[in-house]
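J.: mind looking at a prediction? Sequence and model below.
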Amino acid sequence: MKAHRYLQPLVAATLLASSWPALTVAAPARPNIVLILADDIGYGDLGCYGAKRVQTPHLDRLAREGRRFTDAHTTATSCTPSRRSLLTGVYSWRQPAGSAIAPGDASLTIPPGTATLPSILKRAGYTTAVVGKWHLGLGGQGGPDWNGELKPGPLEIGFDYAFIMPATGDRVPCVYVENHRVAGLDPRDPIRVSYKERVGDEPTGRGRPELLRLKPTHGHDMTIVGGISRIGWMSGGQTARWTDEEMAGTFTKKSLAFIERNQRKPFFLYLATHDIHVPRVPHPRFKGTSQAGTRGDAIHELDATVGDLLATLDRLKLTKRTLVIFSSDNGGVNDDGYEDFDPSDHKMNGPLRGKKGTLFEGGHRVPFLARWPGRIKPGGNCAGLISLMDLPATFAALTGVALPAGAAPDSCNVLPALLGGPHGKPLRDSLVTHNGGANGPFAIRQGDWKFIPTGATNVQRPATDESAGLLFNLADDPAESKNLAAGHPSKARELGALLEKIRGQRGSTAN
(Lines give C-alpha, C1' and ligand atoms only; values in the text may rest on other atoms or scores of the structure.)
Protein backbone atom coordinates (compact mmCIF):
# COMPACT_ATOMS: atom_id res chain seq x y z
CA MET A 1 0.00 0.00 0.00
CA LYS A 2 1.45 3.33 -1.04
CA ALA A 3 1.63 5.89 1.77
CA HIS A 4 -0.24 9.14 1.28
CA ARG A 5 2.06 12.17 1.30
CA TYR A 6 0.73 13.35 4.67
CA LEU A 7 1.23 9.89 6.12
CA GLN A 8 4.75 9.19 4.85
CA PRO A 9 6.61 10.68 7.86
CA LEU A 10 4.23 8.88 10.22
CA VAL A 11 4.65 5.53 8.47
CA ALA A 12 8.41 5.94 8.39
CA ALA A 13 8.46 6.43 12.14
CA THR A 14 5.79 3.96 13.11
CA LEU A 15 7.14 1.09 11.05
CA LEU A 16 9.79 1.08 13.76
CA ALA A 17 7.10 0.19 16.29
CA SER A 18 8.12 -3.46 16.39
CA SER A 19 11.54 -2.39 17.69
CA TRP A 20 10.26 -0.18 20.51
CA PRO A 21 11.73 -1.17 23.86
CA ALA A 22 9.09 -2.44 26.28
CA LEU A 23 9.08 -0.22 29.34
CA THR A 24 8.75 -1.52 32.86
CA VAL A 25 6.29 0.73 34.66
CA ALA A 26 5.26 0.48 38.31
CA ALA A 27 2.05 -1.47 38.68
CA PRO A 28 -0.04 1.43 40.09
CA ALA A 29 0.64 3.39 36.89
CA ARG A 30 -0.63 0.56 34.72
CA PRO A 31 -4.35 0.25 35.32
CA ASN A 32 -6.44 -2.04 33.22
CA ILE A 33 -8.12 0.15 30.60
CA VAL A 34 -11.63 -0.34 29.25
CA LEU A 35 -12.62 2.06 26.47
CA ILE A 36 -16.32 1.88 25.60
CA LEU A 37 -17.11 3.68 22.35
CA ALA A 38 -20.82 3.94 21.67
CA ASP A 39 -22.21 4.44 18.19
CA ASP A 40 -24.26 7.60 17.49
CA ILE A 41 -24.82 8.52 21.14
CA GLY A 42 -25.44 12.24 21.42
CA TYR A 43 -24.43 14.78 24.04
CA GLY A 44 -27.90 14.75 25.60
CA ASP A 45 -28.59 11.00 25.51
CA LEU A 46 -27.49 10.14 29.06
CA GLY A 47 -29.08 10.98 32.38
CA CYS A 48 -25.84 12.52 33.63
CA TYR A 49 -26.00 14.94 30.67
CA GLY A 50 -29.63 15.90 31.27
CA ALA A 51 -31.72 13.17 29.57
CA LYS A 52 -35.15 12.65 31.15
CA ARG A 53 -36.92 10.21 28.83
CA VAL A 54 -34.25 7.53 29.01
CA GLN A 55 -32.68 6.03 32.12
CA THR A 56 -28.96 5.32 32.18
CA PRO A 57 -28.18 4.35 35.80
CA HIS A 58 -24.93 2.52 35.01
CA LEU A 59 -23.51 5.30 32.86
CA ASP A 60 -24.66 7.78 35.49
CA ARG A 61 -22.71 5.70 38.01
CA LEU A 62 -19.56 6.27 35.95
CA ALA A 63 -20.17 10.01 36.13
CA ARG A 64 -20.94 9.89 39.85
CA GLU A 65 -17.85 7.81 40.67
CA GLY A 66 -15.60 9.50 38.14
CA ARG A 67 -15.19 12.57 35.99
CA ARG A 68 -17.58 14.06 33.42
CA PHE A 69 -16.26 16.12 30.50
CA THR A 70 -18.46 18.78 28.93
CA ASP A 71 -16.27 19.87 26.01
CA ALA A 72 -15.11 16.56 24.51
CA HIS A 73 -15.17 16.08 20.75
CA THR A 74 -14.64 13.63 17.97
CA THR A 75 -12.58 14.82 15.02
CA ALA A 76 -15.25 13.86 12.50
CA THR A 77 -19.03 13.81 12.39
CA SER A 78 -19.24 10.21 11.15
CA CYS A 79 -17.88 6.88 12.30
CA THR A 80 -15.00 5.69 10.09
CA PRO A 81 -12.86 8.86 10.22
CA SER A 82 -13.67 9.42 13.89
CA ARG A 83 -12.57 5.90 14.86
CA ARG A 84 -9.46 6.06 12.74
CA SER A 85 -8.20 9.27 14.32
CA LEU A 86 -8.94 7.82 17.78
CA LEU A 87 -6.73 4.78 17.13
CA THR A 88 -3.90 6.61 15.34
CA GLY A 89 -3.75 10.08 16.90
CA VAL A 90 -3.81 11.51 13.37
CA TYR A 91 -6.57 13.52 11.74
CA SER A 92 -8.24 11.11 9.35
CA TRP A 93 -8.22 13.64 6.52
CA ARG A 94 -4.40 13.45 6.56
CA GLN A 95 -4.62 9.73 5.80
CA PRO A 96 -5.65 7.90 2.63
CA ALA A 97 -8.84 5.87 2.32
CA GLY A 98 -10.28 6.72 5.71
CA SER A 99 -11.79 10.19 5.52
CA ALA A 100 -15.25 9.12 4.41
CA ILE A 101 -17.55 6.35 5.63
CA ALA A 102 -16.07 3.03 4.51
CA PRO A 103 -18.20 0.46 2.68
CA GLY A 104 -18.52 -2.97 4.24
CA ASP A 105 -16.01 -4.48 1.81
CA ALA A 106 -13.24 -1.89 2.26
CA SER A 107 -9.63 -2.98 2.73
CA LEU A 108 -7.88 -2.11 6.01
CA THR A 109 -7.58 1.69 6.22
CA ILE A 110 -4.76 1.78 8.80
CA PRO A 111 -1.43 0.54 7.39
CA PRO A 112 0.12 -2.29 9.44
CA GLY A 113 3.06 -0.93 11.41
CA THR A 114 1.33 2.34 12.23
CA ALA A 115 1.63 3.31 15.88
CA THR A 116 -1.86 2.86 17.31
CA LEU A 117 -3.58 2.97 20.66
CA PRO A 118 -3.36 -0.83 21.11
CA SER A 119 0.23 -1.09 19.85
CA ILE A 120 1.29 1.62 22.29
CA LEU A 121 -0.30 -0.29 25.16
CA LYS A 122 1.16 -3.61 24.02
CA ARG A 123 4.62 -2.06 24.45
CA ALA A 124 3.65 -1.18 27.99
CA GLY A 125 2.86 -4.84 28.70
CA TYR A 126 -0.87 -4.87 28.03
CA THR A 127 -2.93 -7.64 26.44
CA THR A 128 -5.25 -5.91 23.98
CA ALA A 129 -8.65 -6.70 22.47
CA VAL A 130 -11.30 -5.13 20.28
CA VAL A 131 -14.89 -6.31 20.49
CA GLY A 132 -17.81 -4.90 18.53
CA LYS A 133 -18.14 -2.59 15.57
CA TRP A 134 -14.95 -2.14 13.52
CA HIS A 135 -15.74 -0.22 10.31
CA LEU A 136 -12.09 0.38 9.41
CA GLY A 137 -11.79 -2.23 6.66
CA LEU A 138 -10.24 -5.68 6.45
CA GLY A 139 -7.72 -7.28 4.13
CA GLY A 140 -5.18 -5.88 1.73
CA GLN A 141 -5.55 -4.15 -1.59
CA GLY A 142 -8.64 -5.43 -3.33
CA GLY A 143 -10.56 -5.91 -0.10
CA PRO A 144 -11.28 -8.88 2.15
CA ASP A 145 -11.52 -12.56 1.25
CA TRP A 146 -14.54 -13.47 3.33
CA ASN A 147 -13.96 -17.20 2.86
CA GLY A 148 -10.27 -17.15 3.80
CA GLU A 149 -7.94 -15.28 6.13
CA LEU A 150 -9.02 -11.72 6.76
CA LYS A 151 -5.55 -10.18 6.91
CA PRO A 152 -4.43 -7.55 7.58
CA GLY A 153 -6.93 -6.54 10.23
CA PRO A 154 -7.08 -5.57 13.91
CA LEU A 155 -4.38 -8.08 14.87
CA GLU A 156 -1.93 -6.44 12.47
CA ILE A 157 -2.28 -2.99 14.07
CA GLY A 158 -1.83 -3.95 17.72
CA PHE A 159 -4.75 -6.01 18.98
CA ASP A 160 -4.11 -9.48 20.43
CA TYR A 161 -7.73 -10.56 20.08
CA ALA A 162 -10.63 -9.39 17.91
CA PHE A 163 -14.30 -10.27 17.77
CA ILE A 164 -15.87 -7.72 15.47
CA MET A 165 -18.62 -6.81 13.09
CA PRO A 166 -16.82 -5.66 9.92
CA ALA A 167 -18.81 -2.46 9.45
CA THR A 168 -22.37 -1.73 10.59
CA GLY A 169 -25.60 -3.66 10.88
CA ASP A 170 -26.91 -2.06 7.70
CA ARG A 171 -23.85 -2.87 5.59
CA VAL A 172 -23.25 -6.40 4.34
CA PRO A 173 -21.71 -8.77 5.17
CA CYS A 174 -23.55 -8.96 8.48
CA VAL A 175 -21.27 -11.56 10.04
CA TYR A 176 -18.99 -11.83 13.04
CA VAL A 177 -15.24 -12.00 12.49
CA GLU A 178 -13.08 -13.58 15.17
CA ASN A 179 -9.42 -12.77 14.71
CA HIS A 180 -8.75 -13.62 11.05
CA ARG A 181 -11.87 -15.54 10.00
CA VAL A 182 -15.62 -15.23 9.72
CA ALA A 183 -17.02 -16.93 12.81
CA GLY A 184 -19.02 -20.08 12.07
CA LEU A 185 -18.54 -19.94 8.32
CA ASP A 186 -19.69 -23.05 6.49
CA PRO A 187 -17.20 -23.69 3.64
CA ARG A 188 -20.04 -25.33 1.68
CA ASP A 189 -21.85 -21.98 1.73
CA PRO A 190 -19.24 -19.38 0.70
CA ILE A 191 -19.85 -15.66 1.10
CA ARG A 192 -19.92 -13.32 -1.87
CA VAL A 193 -20.17 -9.56 -1.36
CA SER A 194 -20.37 -6.67 -3.79
CA TYR A 195 -21.09 -2.99 -3.42
CA LYS A 196 -21.16 -2.47 -7.18
CA GLU A 197 -23.37 -5.15 -8.67
CA ARG A 198 -26.08 -7.60 -7.70
CA VAL A 199 -24.86 -11.00 -6.45
CA GLY A 200 -27.09 -13.98 -7.27
CA ASP A 201 -30.86 -13.82 -6.95
CA GLU A 202 -31.08 -12.49 -3.40
CA PRO A 203 -29.51 -9.02 -3.00
CA THR A 204 -28.67 -9.51 0.66
CA GLY A 205 -28.31 -13.28 0.97
CA ARG A 206 -31.05 -13.18 3.58
CA GLY A 207 -33.84 -11.92 1.46
CA ARG A 208 -37.13 -12.80 -0.09
CA PRO A 209 -38.40 -12.07 -3.60
CA GLU A 210 -40.35 -9.04 -2.33
CA LEU A 211 -37.68 -6.36 -1.86
CA LEU A 212 -38.28 -2.64 -1.46
CA ARG A 213 -35.67 -0.67 -3.39
CA LEU A 214 -34.80 2.71 -1.92
CA LYS A 215 -32.80 5.67 -3.13
CA PRO A 216 -28.99 5.46 -2.74
CA THR A 217 -27.83 5.98 0.83
CA HIS A 218 -24.21 6.85 1.69
CA GLY A 219 -23.35 6.21 -1.97
CA HIS A 220 -24.69 2.64 -2.07
CA ASP A 221 -27.98 1.04 -3.02
CA MET A 222 -30.01 -0.19 -0.10
CA THR A 223 -32.70 -2.81 0.31
CA ILE A 224 -35.19 -3.48 3.06
CA VAL A 225 -35.55 -7.18 3.77
CA GLY A 226 -37.93 -8.36 6.46
CA GLY A 227 -37.81 -4.92 8.06
CA ILE A 228 -33.98 -4.83 8.31
CA SER A 229 -32.04 -2.45 6.07
CA ARG A 230 -28.85 -3.62 4.36
CA ILE A 231 -26.53 -1.73 2.02
CA GLY A 232 -24.76 -3.66 -0.73
CA TRP A 233 -25.31 -7.15 -2.11
CA MET A 234 -24.38 -10.48 -0.58
CA SER A 235 -24.97 -14.20 -0.99
CA GLY A 236 -23.98 -17.19 1.14
CA GLY A 237 -22.77 -17.33 4.71
CA GLN A 238 -26.15 -18.39 6.07
CA THR A 239 -24.66 -20.22 9.05
CA ALA A 240 -22.38 -17.29 9.90
CA ARG A 241 -25.01 -14.60 10.31
CA TRP A 242 -26.23 -13.26 13.64
CA THR A 243 -29.66 -12.53 15.02
CA ASP A 244 -29.80 -8.76 15.24
CA GLU A 245 -31.60 -8.74 18.59
CA GLU A 246 -28.76 -10.74 20.17
CA MET A 247 -25.88 -8.61 18.89
CA ALA A 248 -25.39 -6.47 22.01
CA GLY A 249 -25.51 -9.53 24.24
CA THR A 250 -22.97 -11.34 22.08
CA PHE A 251 -20.52 -8.44 22.24
CA THR A 252 -21.02 -8.20 26.00
CA LYS A 253 -20.31 -11.90 26.54
CA LYS A 254 -17.14 -11.75 24.43
CA SER A 255 -15.95 -8.69 26.34
CA LEU A 256 -16.55 -10.22 29.74
CA ALA A 257 -14.83 -13.45 28.68
CA PHE A 258 -11.75 -11.45 27.66
CA ILE A 259 -11.67 -9.75 31.06
CA GLU A 260 -12.03 -13.09 32.83
CA ARG A 261 -9.13 -14.60 30.85
CA ASN A 262 -6.82 -11.66 31.51
CA GLN A 263 -7.75 -10.55 35.01
CA ARG A 264 -4.28 -11.23 36.44
CA LYS A 265 -2.36 -8.98 34.03
CA PRO A 266 -2.85 -5.50 32.57
CA PHE A 267 -5.40 -5.53 29.77
CA PHE A 268 -6.88 -3.05 27.32
CA LEU A 269 -10.39 -3.67 26.04
CA TYR A 270 -11.82 -1.52 23.26
CA LEU A 271 -15.56 -2.27 23.29
CA ALA A 272 -17.27 -0.60 20.35
CA THR A 273 -21.01 -1.02 20.78
CA HIS A 274 -23.53 -0.77 17.95
CA ASP A 275 -26.92 -0.48 19.68
CA ILE A 276 -27.95 3.04 18.65
CA HIS A 277 -26.89 2.80 14.99
CA VAL A 278 -29.51 1.73 12.47
CA PRO A 279 -31.00 -0.76 12.09
CA ARG A 280 -32.03 -0.34 15.71
CA VAL A 281 -33.13 -3.77 16.88
CA PRO A 282 -32.91 -3.92 20.67
CA HIS A 283 -33.46 -7.23 22.42
CA PRO A 284 -37.16 -7.83 23.24
CA ARG A 285 -36.52 -7.31 26.95
CA PHE A 286 -35.69 -3.64 26.23
CA LYS A 287 -38.52 -2.88 23.81
CA GLY A 288 -40.89 -0.28 25.15
CA THR A 289 -38.81 0.41 28.26
CA SER A 290 -38.00 4.05 27.45
CA GLN A 291 -40.03 7.15 26.67
CA ALA A 292 -38.01 7.87 23.53
CA GLY A 293 -39.08 5.18 21.08
CA THR A 294 -36.87 2.44 19.67
CA ARG A 295 -33.79 4.62 19.85
CA GLY A 296 -34.37 5.19 23.55
CA ASP A 297 -34.87 1.45 24.07
CA ALA A 298 -31.50 0.88 22.39
CA ILE A 299 -29.91 3.37 24.81
CA HIS A 300 -31.28 1.25 27.68
CA GLU A 301 -29.66 -1.80 26.11
CA LEU A 302 -26.34 0.05 25.88
CA ASP A 303 -26.58 1.04 29.53
CA ALA A 304 -27.22 -2.58 30.49
CA THR A 305 -24.02 -3.59 28.68
CA VAL A 306 -22.11 -1.02 30.74
CA GLY A 307 -23.78 -2.37 33.87
CA ASP A 308 -22.72 -5.95 33.11
CA LEU A 309 -19.16 -4.80 32.55
CA LEU A 310 -19.01 -2.81 35.80
CA ALA A 311 -20.52 -5.72 37.72
CA THR A 312 -17.85 -8.04 36.35
CA LEU A 313 -15.09 -5.66 37.42
CA ASP A 314 -16.66 -5.52 40.87
CA ARG A 315 -16.97 -9.32 41.12
CA LEU A 316 -13.36 -9.88 40.06
CA LYS A 317 -12.17 -7.13 42.42
CA LEU A 318 -10.73 -5.20 39.48
CA THR A 319 -12.67 -1.96 39.96
CA LYS A 320 -9.90 -0.03 41.72
CA ARG A 321 -7.34 -1.28 39.21
CA THR A 322 -9.31 -0.32 36.10
CA LEU A 323 -9.69 2.95 34.21
CA VAL A 324 -13.05 2.94 32.43
CA ILE A 325 -13.74 5.52 29.72
CA PHE A 326 -17.03 5.97 27.89
CA SER A 327 -17.67 8.14 24.84
CA SER A 328 -19.26 8.14 21.38
CA ASP A 329 -17.93 8.16 17.81
CA ASN A 330 -20.00 11.23 16.81
CA GLY A 331 -23.14 13.10 17.72
CA GLY A 332 -26.60 11.63 17.83
CA VAL A 333 -29.02 11.23 14.95
CA ASN A 334 -32.69 10.30 15.07
CA ASP A 335 -33.35 9.82 11.37
CA ASP A 336 -30.78 8.29 9.03
CA GLY A 337 -33.09 8.67 6.04
CA TYR A 338 -34.78 5.31 6.31
CA GLU A 339 -36.27 5.15 9.80
CA ASP A 340 -39.31 6.96 11.11
CA PHE A 341 -38.43 10.03 13.14
CA ASP A 342 -39.06 9.65 16.85
CA PRO A 343 -41.54 12.41 17.78
CA SER A 344 -40.70 12.40 21.49
CA ASP A 345 -39.18 15.50 23.07
CA HIS A 346 -35.98 13.65 24.02
CA LYS A 347 -33.17 15.95 22.93
CA MET A 348 -30.46 13.55 21.76
CA ASN A 349 -27.81 16.29 21.56
CA GLY A 350 -29.10 18.31 24.46
CA PRO A 351 -28.96 22.09 23.91
CA LEU A 352 -26.56 21.78 20.98
CA ARG A 353 -27.35 22.63 17.38
CA GLY A 354 -27.02 20.02 14.67
CA LYS A 355 -26.62 16.25 14.62
CA LYS A 356 -24.38 13.53 13.22
CA GLY A 357 -23.13 14.59 9.79
CA THR A 358 -23.10 18.33 10.53
CA LEU A 359 -20.27 20.59 11.63
CA PHE A 360 -22.35 22.17 14.37
CA GLU A 361 -21.65 21.10 17.96
CA GLY A 362 -24.33 18.39 17.88
CA GLY A 363 -22.33 16.59 15.21
CA HIS A 364 -19.09 16.17 17.16
CA ARG A 365 -19.42 17.20 20.83
CA VAL A 366 -19.96 13.96 22.72
CA PRO A 367 -20.33 12.59 26.24
CA PHE A 368 -17.02 11.60 27.82
CA LEU A 369 -16.81 9.86 31.21
CA ALA A 370 -13.73 8.56 33.01
CA ARG A 371 -13.60 6.51 36.22
CA TRP A 372 -10.57 5.15 38.09
CA PRO A 373 -11.33 4.79 41.81
CA GLY A 374 -8.58 6.17 44.00
CA ARG A 375 -6.97 8.08 41.14
CA ILE A 376 -9.88 10.10 39.71
CA LYS A 377 -11.85 12.07 42.29
CA PRO A 378 -15.55 11.14 42.13
CA GLY A 379 -18.18 13.59 40.96
CA GLY A 380 -15.81 15.90 39.12
CA ASN A 381 -16.43 17.89 35.95
CA CYS A 382 -14.01 19.18 33.34
CA ALA A 383 -14.87 21.97 30.93
CA GLY A 384 -11.57 21.82 29.04
CA LEU A 385 -11.42 21.14 25.30
CA ILE A 386 -10.35 17.56 24.54
CA SER A 387 -10.70 15.13 21.66
CA LEU A 388 -10.92 11.35 21.45
CA MET A 389 -7.86 11.68 19.22
CA ASP A 390 -5.94 12.63 22.39
CA LEU A 391 -6.12 9.13 23.84
CA PRO A 392 -2.94 7.74 22.18
CA ALA A 393 -0.70 10.45 23.66
CA THR A 394 -2.57 10.35 26.96
CA PHE A 395 -2.31 6.58 27.37
CA ALA A 396 1.36 6.72 26.41
CA ALA A 397 1.91 9.23 29.23
CA LEU A 398 -0.15 7.17 31.63
CA THR A 399 1.86 3.99 31.03
CA GLY A 400 5.30 5.55 30.51
CA VAL A 401 5.71 4.67 26.84
CA ALA A 402 7.71 7.19 24.80
CA LEU A 403 6.12 7.70 21.39
CA PRO A 404 8.49 7.44 18.42
CA ALA A 405 9.16 10.66 16.54
CA GLY A 406 6.26 11.36 14.20
CA ALA A 407 3.77 9.04 15.88
CA ALA A 408 0.30 10.36 16.82
CA PRO A 409 1.24 13.92 15.75
CA ASP A 410 -2.22 15.39 16.30
CA SER A 411 -2.76 13.80 19.73
CA CYS A 412 -2.41 15.86 22.92
CA ASN A 413 -1.53 14.50 26.34
CA VAL A 414 -4.56 15.42 28.47
CA LEU A 415 -3.68 13.10 31.36
CA PRO A 416 -3.74 15.87 34.02
CA ALA A 417 -7.32 16.73 33.09
CA LEU A 418 -8.30 13.06 32.89
CA LEU A 419 -7.06 12.49 36.44
CA GLY A 420 -8.40 15.80 37.69
CA GLY A 421 -5.00 17.33 38.37
CA PRO A 422 -3.87 20.92 37.79
CA HIS A 423 -2.79 22.06 34.34
CA GLY A 424 -1.46 25.48 33.56
CA LYS A 425 -2.62 25.93 29.96
CA PRO A 426 -5.53 24.97 27.73
CA LEU A 427 -5.63 21.23 27.11
CA ARG A 428 -5.71 21.81 23.37
CA ASP A 429 -4.80 25.02 21.58
CA SER A 430 -7.11 24.16 18.70
CA LEU A 431 -9.16 21.36 17.18
CA VAL A 432 -10.28 20.74 13.61
CA THR A 433 -13.48 18.83 12.93
CA HIS A 434 -14.61 17.65 9.54
CA ASN A 435 -17.35 15.91 7.63
CA GLY A 436 -16.51 14.15 4.39
CA GLY A 437 -13.29 13.51 2.53
CA ALA A 438 -9.78 14.91 2.61
CA ASN A 439 -11.05 18.28 1.36
CA GLY A 440 -13.65 18.73 4.03
CA PRO A 441 -15.88 20.53 4.79
CA PHE A 442 -14.07 21.63 7.96
CA ALA A 443 -14.62 23.64 11.12
CA ILE A 444 -12.00 24.89 13.59
CA ARG A 445 -12.13 25.59 17.29
CA GLN A 446 -9.71 27.74 19.31
CA GLY A 447 -10.57 28.71 22.86
CA ASP A 448 -14.23 29.70 22.99
CA TRP A 449 -14.28 30.61 19.30
CA LYS A 450 -15.45 28.34 16.51
CA PHE A 451 -15.30 29.09 12.78
CA ILE A 452 -16.97 27.29 9.87
CA PRO A 453 -15.77 28.61 6.48
CA THR A 454 -18.21 29.69 3.79
CA GLY A 455 -19.84 26.77 2.02
CA ALA A 456 -19.06 24.23 4.72
CA THR A 457 -22.56 24.13 6.16
CA ASN A 458 -24.05 21.96 3.44
CA VAL A 459 -26.31 20.34 6.04
CA GLN A 460 -28.73 22.47 8.08
CA ARG A 461 -27.79 25.65 6.28
CA PRO A 462 -28.56 28.64 8.53
CA ALA A 463 -30.80 31.51 7.51
CA THR A 464 -28.20 34.09 8.51
CA ASP A 465 -25.76 35.56 6.02
CA GLU A 466 -22.68 33.34 5.74
CA SER A 467 -20.68 35.21 3.13
CA ALA A 468 -17.89 35.59 5.70
CA GLY A 469 -18.42 32.11 7.12
CA LEU A 470 -19.93 31.22 10.48
CA LEU A 471 -18.28 32.46 13.67
CA PHE A 472 -19.56 31.56 17.12
CA ASN A 473 -18.47 32.28 20.67
CA LEU A 474 -19.41 29.06 22.44
CA ALA A 475 -18.96 30.49 25.91
CA ASP A 476 -21.88 32.86 25.29
CA ASP A 477 -23.71 30.86 22.64
CA PRO A 478 -23.26 27.06 22.93
CA ALA A 479 -26.32 26.59 20.70
CA GLU A 480 -24.55 28.43 17.84
CA SER A 481 -27.52 30.69 17.22
CA LYS A 482 -25.65 33.96 16.58
CA ASN A 483 -23.27 34.28 13.65
CA LEU A 484 -20.64 36.86 14.72
CA ALA A 485 -18.55 36.77 11.52
CA ALA A 486 -19.79 40.12 10.23
CA GLY A 487 -19.05 41.85 13.53
CA HIS A 488 -15.67 40.18 14.08
CA PRO A 489 -14.13 39.86 10.60
CA SER A 490 -10.55 39.81 11.90
CA LYS A 491 -11.31 36.84 14.18
CA ALA A 492 -12.95 34.98 11.29
CA ARG A 493 -9.90 35.62 9.09
CA GLU A 494 -7.55 34.60 11.91
CA LEU A 495 -9.29 31.25 12.44
CA GLY A 496 -9.58 30.65 8.71
CA ALA A 497 -5.84 31.15 8.35
CA LEU A 498 -5.16 28.83 11.31
CA LEU A 499 -7.33 26.15 9.72
CA GLU A 500 -5.38 26.34 6.48
CA LYS A 501 -2.08 26.26 8.39
CA ILE A 502 -3.07 23.10 10.26
CA ARG A 503 -4.31 21.45 7.09
CA GLY A 504 -0.94 22.09 5.50
CA GLN A 505 1.12 20.76 8.40
CA ARG A 506 2.65 17.30 8.28
CA GLY A 507 4.27 17.19 11.71
CA SER A 508 2.87 17.73 15.17
CA THR A 509 -0.13 19.98 15.60
CA ALA A 510 -0.58 19.10 19.27
CA ASN A 511 0.35 21.66 21.90
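T.: Thanks, I have the structure now.

J.: where along the chain do the helices fall?
T.: Remark: helices assigned in the chain by DSSP state H are 8-14, 57-65, 79-88, 117-123, 247-261, 293-315, 361-364, 391-399, 415-419, 489-504.

J.: in this structure, what spans have low per-residue confidence?
T.: Counting by pLDDT under 70, the ranges of the chain that qualify are 1-29, 97-99, 200-230, 233, 237-242, 335-344, 455-467, 506-511.

J.: highest mean neighbour count out of the helices of the chain?
T.: Mean neighbours per residue, mean count of other CB atoms under 10 Å, is largest over those for helix 361-364, with a mean of 30. The way it works is simple: take the backbone N, C-alpha and C, and place the C-beta from them, glycine included.

J.: what's in contact with that helix?
T.: Applying CB atoms under 8 Å, 6 or more residues apart in numbering, the contact partners of helix 361-364 are 42-43, 73-77, 330-332, 349, 352-357, 433, 435, 450, 474, 478-480.

J.: how far away from the center of its chain is that helix?
T.: Relative to its chain's centre, helix 361-364 lies at 13 Å (CA atoms, centre = their mean, to the nearest Å).

J.: grab the most central residue of the chain for me.
T.: residue 329 (3.0 Å; CA atoms, centre = their mean).

J.: residues touching that one, list them.
T.: 37, 38, 39, 40, 74, 79, 82, 83, 86, 272, 366, 388.

J.: what's the burial count for the residue lying closest to the first one once chain neighbours are set aside?
T.: Distance criterion CB to CB, 6 or more residues apart in numbering; nearest residue to residue 37, sequence neighbours excluded, is residue 272 at 4.8 Å. For residue 272, the neighbour count with other CB atoms under 10 Å is 22.

J.: partners of residue 272 in the sheet?
T.: Following DSSP bridges, residue 272 is listed with bridge partners residue 37, residue 132.

J.: roughly how far apart are residue 161 and residue 155?
T.: 8 Å (CB to CB, to the nearest Å).

J.: brain fart, residue 417
T.: The gap separating residue 417 from residue 155 is 32 Å, by CB to CB.

J.: how about residue 431?
T.: 31 Å.

J.: could you do residue 112 as well?
T.: For residue 112, the distance to residue 155 - CB to CB - is 9 Å.

J.: next one: residue 311
T.: Plainly put, residue 311 is 29 Å away from residue 155 if you go by CB to CB.

J.: OK, contacts around residue 378?
T.: By CB under 8 Å, 6+ apart, the contact set of residue 378 is 64, 65, 66.

J.: wait, residue 35 touches residue 273, no?
T.: No - assessed by CB atoms under 8 Å, residue 35 is found out of contact with residue 273, at 11.2 Å.

J.: have a look at these two and say which one is more surrounded.
T.: Between residue 35 and residue 273, counting by other CB under 10 Å, residue 273 is the more crowded of the two (28 against 21).

J.: my read is that the more buried one contacts residue 303, right?
T.: No - counting by CB under 8 Å, residue 273 stays clear of residue 303, with 10.4 Å between them.
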